[in-house]
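Asker: Structure for this input, please:
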Amino acid sequence: MHMKLLVRMILLGTFAGGVCSQTQNMAAAQGQTAGTPDSSGPADTKGKGAVAQVSQTASKLDEIVDRMIKREHDAIAAFDLYRPIVETYIQIVRPDKLMGTVPKSDFYFLGQADFRRRLKVHSLIERTRKVSLVWSFEPAGFLQMIFIDRGEFDRAHYKFSYSGREFLGEVRCYVFDVTPAPKVRGARFVGRIWVEDQDFNVVRINGRYSPAIHFSLKNFENEYYLHFDSWRTNVKSGMWLPSYVYSQELERPTHFGNPSYKSSTHLWGYKLKQGSREEELNRLLVESANPIKDEATQHDRSPLEAQREWRHEAENNVLDLLERSGLLAPQGQVDKALNTIVNNLEVTNNLDGQIDLRCRVLLTSSLEMFSIGGTIVLSRGLIDVVPDEATLGAMLAHEIADAMSPKPYLDQYGFSDLLRLSATEVLRRLSFQENKTESAENSQKALELLKKSPYASNLGNAGLFLRQLHSQSKNLKHLISPQIGNQVFLASQLLQSAPALELGNKGQIAALPMGSRLKLDPWSAGVSLMKSKPMALLSARDKMPFEVTPLVPYLTRYVEVSAAQVDSKTAMAFNQLF
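Answerer: Coordinates of the predicted model:
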């Protein structure tokens, strides 16, 4: 009988919570321990002093470990309250002489995490797992990578070796190497953890479970434990929540056929359960005793005006549902940066004032875009990989053309009861896809808009992006498959205007790696622009178009931000985007 092999990530663990005081300076204690004894005192006095210092250092280390373990266990109970969105994108890779490794195939998970009892992921899409004849990826396996050991993380099961101190961004951390205690049975975590030095929360986990292969009697198949690098973000005072996991296995595939792969997992929307509208009830509104009435606006609506108002109501109903479900980012600085590009296209084509357009960001990594009413929606994944402003302008021009053609079938969403959907129903019940005829017509209209725009002289860049996308489309089927909107349309005229694709030319950047521009706020599901410095490419292997790469977050401690500070950041958003 042929046995099926299951690639699962059974990485049970914990997440930090509770309140602890800051420890004393470990570096100073270690310096005292390692220092040369004072030669002026008697030998026995110096010996006793050294022993006392060593004992004091060991006591401080024990205190740190005990507090860290307690924070993890306290958080396990609290974590059951949250049901964030969890997204995992996997690329199966193969060796390539020119590019190092390139994607061979891909897969995508999107669901809602459930931490009660056994870990589960309630899928938001139809596809739930990647399967071959001998192996499969499980969505819950990637979710388990946010933990060290969810059930038995304590001194009885683990040994902790202090490795020093290190800054992760602005956060100073104690670093511990973690290994299973002797004679402990079962798969246990082996690796390194970083513990911030104020409240002793674990903020990074790097390693895997050992042994690497374990036969599961319950499932009657092999379970593979894979390497991962897991990060947590300080979203509130004293609260660090899992936000990102990178995993890879790039060794030569075995004769059983388990794959070489790279994957990224994002978690966001922890706050969603509270409901964004409830916060408005806590705001104090002061109304004037004699409110001013603008009688000039008091008139009956013409049929066309009434129709447009109805469509606008349907548009807002859909946007509210997508935002409540954790699929659409709240309005922010990235929207305003996109609006600037749309405004450039409107003004140069004399469209300003004819249609009220605005932009929003879909939080998925798949490359997609759509419009509903006057709202243009681009996915986070698409914004991440476009190489320049002209290419992004070409994507937005296509959706401007789409937005100018009303879609009567969407007017039904003016009835709000049709949108009383759970998060797991939204992507299965809603669709904003164009048909092929509409896509071709919108592409032609977009080209006319672009020829009159500030981006007319750089349309070759947009065509080059489409060439790169077309060349990898067979290997990245899930990346280019939209969840709710439209694929990036391969406009023939833009493709023809593009230069030849030169993979070995490090000076030709047709597309960026995934995660190049935007970062996610795991608490609010908001997006902001990354503040990364440009780096010179050393070879063509540094280009990595559309590829999954590790993310190294710049950790900071939570600080309340005022509305004025947000506005000042927004003013610089467009310049930071490119």
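Asker: residue boundaries of the helices in the protein?
Answerer: Remark: helices of the chain, listed N- to C-terminal, are 26-34, 43-79, 139-143, 303-324, 333-348, 380-385, 389-403, 423-429, 436-451, 459-472, 492-497, 563-571, 573-577; assignment by DSSP state H.
Asker: contacting residues around the fourth one?
Answerer: With contact meaning C-beta atoms under 8 Å, 6 or more residues apart in numbering, helix 303-324 is reached by 272, 275-276, 301, 328-330, 360, 362, 372-375, 406, 410-414, 416, 419, 421, 426, 430. Every residue, glycine included, has its C-beta placed from N, CA and C.
Asker: circling back: need the helices of the chain in JSON lines with mean neighbour count and distance to N486, can you?
Answerer: Compiled in JSON lines, these are given as follows (neighbours: other C-beta atoms under 10 Å; distance: least, C-beta to C-beta, whole Å):
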{"stretch": "helix 26-34", "mean neighbour count": "14", "distance to N486": "55"}
{"stretch": "helix 43-79", "mean neighbour count": "16", "distance to N486": "37"}
{"stretch": "helix 139-143", "mean neighbour count": "24", "distance to N486": "25"}
{"stretch": "helix 303-324", "mean neighbour count": "16", "distance to N486": "15"}
{"stretch": "helix 333-348", "mean neighbour count": "20", "distance to N486": "17"}
{"stretch": "helix 380-385", "mean neighbour count": "23", "distance to N486": "11"}
{"stretch": "helix 389-403", "mean neighbour count": "24", "distance to N486": "8"}
{"stretch": "helix 423-429", "mean neighbour count": "16", "distance to N486": "14"}
{"stretch": "helix 436-451", "mean neighbour count": "17", "distance to N486": "7"}
{"stretch": "helix 459-472", "mean neighbour count": "21", "distance to N486": "14"}
{"stretch": "helix 492-497", "mean neighbour count": "15", "distance to N486": "16"}
{"stretch": "helix 563-571", "mean neighbour count": "11", "distance to N486": "28"}
{"stretch": "helix 573-577", "mean neighbour count": "17", "distance to N486": "22"}
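Asker: and of these, who's closest to A525?
Answerer: Taking C-beta to C-beta as the criterion, helix 303-324 is the member of these that comes nearest to A525, at 8.0 Å.
Asker: which stretch among the helices of the chain comes nearest D356?
Answerer: With C-beta to C-beta, the closest approach to D356 among those belongs to helix 303-324: 8.6 Å.
Asker: ok now that closest one, how far from the chain's centre?
Answerer: Averaging C-alpha positions (C-alpha atoms, centre = their mean, to the nearest Å) puts helix 303-324 29 Å from its chain's average.
Asker: Check stretch 522-534 too.
Answerer: Its chain's C-alpha centre and that of stretch 522-534 lie 9 Å apart, by C-alpha atoms, centre = their mean.
Asker: So for that stretch, what gets flagged as buried?
Answerer: P522, W523, S524, A525, G526, V527, S528, L529, M530 (16 or more other C-beta atoms under 10 Å).
Asker: residues in contact with it?
Answerer: Contact with stretch 522-534 is made by 84-85, 233, 235-236, 241-243, 266-272, 326, 329-330, 332-334, 337, 361, 363, 380, 516-521, 554, 569, 573, 576-577, as judged by C-beta under 8 Å, 6+ apart.
Asker: Which of those fall in strands?
Answerer: Those of these mapping onto strands are 85, 233, 235-236, 241-243, 266-268, 361, 518-520, per DSSP state E.
Asker: Pull out the buried residues from those residues.
Answerer: When these are checked for burial by 16+ other C-beta under 10 Å, the buried set is 85, 233, 235, 241-243, 266-268, 361, 518-520.
Asker: Show me where the stretch 101-250 of the chain has its strands.
Answerer: With DSSP state E, counting those that start in this stretch applied, the stretch 101-250 of the chain shows strands at 120-123, 130-131, 136-137, 158-168, 171-180, 188-196, 202-210, 213-216, 221-224, 228-236, 239-249, listed in chain order.
Asker: pLDDT of stretch 165-180, averaged?
Answerer: Regarding stretch 165-180, the rounded mean pLDDT is 97.
Asker: Out of the strands of the stretch 101-250 of the chain, flag the one nearest I92.
Answerer: Comparing the strands of the stretch 101-250 of the chain by their distance to I92 (C-beta to C-beta), the top pick is strand 130-131, with 8.4 Å.
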